[in-house]
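Chemist: Fold the stuff below for me.
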Amino acid sequence: MKNYDVVVIGAGPAGLAAACEAYQNGAQKILVVERDKEPGGILNQCIHNGFGLHYFKEELTGPEYAGRFEDMLKKTDAELMLDTMVLQISNDRQVTMMNPRQGCFTVQAGAVVLAMGCRERTRGAIGIPGTRPSGILTAGAAQRYINVEGYMVGKRVLILGSGDIGLIMARRLTLEGAKVLACVELMPYCNGLNRNIVQCLNDYNIPLYLSHTITEIKGKRRVEGATVSEVDENRKPIPGTEKYFDCDTILLSVGLIPENELSRNAGIKIDPRTKGPVVYENMETSIPGVFASGNVLHVHDLVDFVTAESQHAGAAAAEYCKQKTEGKAGSEPCIKMVCGSDIGYTVPQYIRPERIDKSVDVFFRVRRNFSTSSLDVTSGGQKLISYPRGHMAPGEMEHITLPKQLLSKAAGGAITISAKEVQK
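Modeler: Modelled structure (predicted):
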């Protein structure tokens with residue numbers, strides 16, 4: 001059995017950044033495992049620009065962004081194993097995998113970084129009524145067909161959901177000659193970034209129907225049309241509001257789910273809100289020495305944030321190998337992060353103050369749109385600090401920085417983050 005300091009599962013933006021950072025922090029033997037035939041992950045099919053504005057201070061396409069980190073990885077001694085599927089992770093960090101060349105085999109890791117990314121919700125996950133013809137795809141599948149495989153998916157397209165991939169595909173399909181009839185969103189707000197609403201819908205006169213959903217799909221062999229209805233505050237269709245769209249293709253952009261079968265099978269504690277692992281301030285999961293970062297942890301809106309988070313996880317994995325800081329959950333003083341009003345989740349979920357140098361970043365999403373607002377951090381009924389915000393939306397990830405000195409004021413081992421409107 002081969003031994004490695006750090007084994008990184010996934011060679012997308014999260015895995016590449018984690019491996020490079022682990023190397024920079026002293027990890028000698030690093031293995032990066034990727035199930036696809038090339039590194040880069042989802043970025044390989046994201047040929048639009050807008051990547052790297054935060055990290056590289058320039059605008060790159062997805063493949064260009066991935067290429068930068070692939071070049072960085074080549075400058076390290078890390079081993080990249082492609083076309084290899086990880087099957088299991090044990091509590092003592094033995095990683096079992098298989099590929100066509102070596103069959104099934106196991107390696108021993110000093111630390112493991114989970115960077116498997118996320119997957120799309122499908123029609124079966126949301127239960128759209130109607131027939132089951134061809135021509136119904138997730139937005140990511142359509143993106144791969146068009147950008148990588150070179151196949152056009154349809155001519156008259158209706159998009160359900162307003163996630164960023166769906167908005168970007170509305171523009172991409174229009175540029176390829178298709179007619180995008182509308183983008184339909186169940187919620188009363190858009191779930192994508194505001195810049196994508198402007199650049200992908202408004203610039204191409206594609207209507208966005210908020211508080212609407214598809215209530216019927218028609219067609220035998222191929223999609224022939226779809227009925228869209230307005231929904232009430234309980235997200236139930238309102239009779240008499242039906243609109244019929246004559247379309248041959250329906251794209252679904254109805255949310256992403258962290259890819260966590262490996263995590264669950266390993267016994268890692270999963271947060272029901274993020275659908276990803278519960279982690280501490282250094283991205284360590286409930287199994288000591290196993291770390292998680294990127295979309296496998298929680299769904300990000302910008303790849304630059306994935307990179308920063310994964311570098312944090314990679315550095316922590318390298319440090320774990322050097323110090324072997326074994327410790328079960330609850331074995332040292334720990335602060336629980338609590339979601340207050342209109343906060344959907346927090347990452348990390350737990351903070352160990354003794355392991356904080358100066359401060360810790362906490363990432364989260366709000367549950368509704370806010371204009372002028374405030375983020376209040378409280379503990380034991382006492383306000384510790386407030387952060388003003390001019391605008392917040394569920395489609396845009398927020399973060400705050402908590403100084404170590406503030407953590408010492410936490411009462412009862414818990415800190416609550418809440419959002420509220422502020423009167424001008």
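Chemist: what does the domain assignment say about this protein?
Modeler: Structural domains annotated on the chain: 2-119+257-330, 122-254, 351-421, as defined by automatic domain parsing.
Chemist: Pick the most deeply packed of the ones you listed.
Modeler: Mean neighbour count (mean count of other CB atoms under 10 Å) peaks for domain 2-119+257-330 among those, with a mean of 20. C-beta here means a position set from N, CA and C on the backbone, and glycine is covered the same way.
Chemist: Tell me the pLDDT of the nearest residue to Gly62 once chain neighbours are set aside.
Modeler: What sits nearest to Gly62 in space, not counting adjacent residues and going by CB to CB, 6 or more residues apart in numbering, is Cys46, at 3.0 Å. Among the per-residue scores, Cys46 shows a pLDDT of 96.
Chemist: Report the backbone C-alpha coordinates of stretch 388-399 in CSV.
Modeler: This file holds the C-alpha atoms of stretch 388-399, laid out as CSV (Å, rounded to 0.1, in the frame of the first residue of the first chain):
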residue,chain,number,x,y,z
PRO,A,388,-23.7,47.2,7.4
ARG,A,389,-24.8,46.0,3.9
GLY,A,390,-26.2,48.0,1.0
HIS,A,391,-27.7,45.0,-0.7
MET,A,392,-27.9,41.2,-0.1
ALA,A,393,-29.6,38.5,-2.2
PRO,A,394,-29.9,34.7,-1.9
GLY,A,395,-28.0,34.2,-5.2
GLU,A,396,-24.9,36.0,-3.8
MET,A,397,-22.8,34.5,-1.1
GLU,A,398,-21.9,36.8,1.8
HIS,A,399,-19.1,36.6,4.3
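Chemist: Off-centre distance for that stretch?
Modeler: Relative to its parent chain, stretch 388-399 has a centroid offset of 16 Å by CA atoms, centre = their mean, to the nearest Å.
Chemist: which residues sit against that stretch?
Modeler: In this structure, residues lying in contact with stretch 388-399 by CB atoms under 8 Å, 6 or more residues apart in numbering are 162, 164, 187, 189-194, 300-302, 305, 344, 361-375, 419, 422.
Chemist: Could I get the average pLDDT for it?
Modeler: Per-residue scores along stretch 388-399 average to 93.
Chemist: go on, stretch 149-168?
Modeler: Stretch 149-168 comes out with an average pLDDT of 96.
Chemist: chain center to it: distance?
Modeler: Taking CA atoms, centre = their mean, one finds stretch 149-168 lying 19 Å from the centre of the chain it belongs to.
Chemist: Next step: the contacts of stretch 388-399 restricted to helices.
Modeler: Of the positions in these, Asp164, Asn194, Phe305 sit in helices, assigned by DSSP state H.
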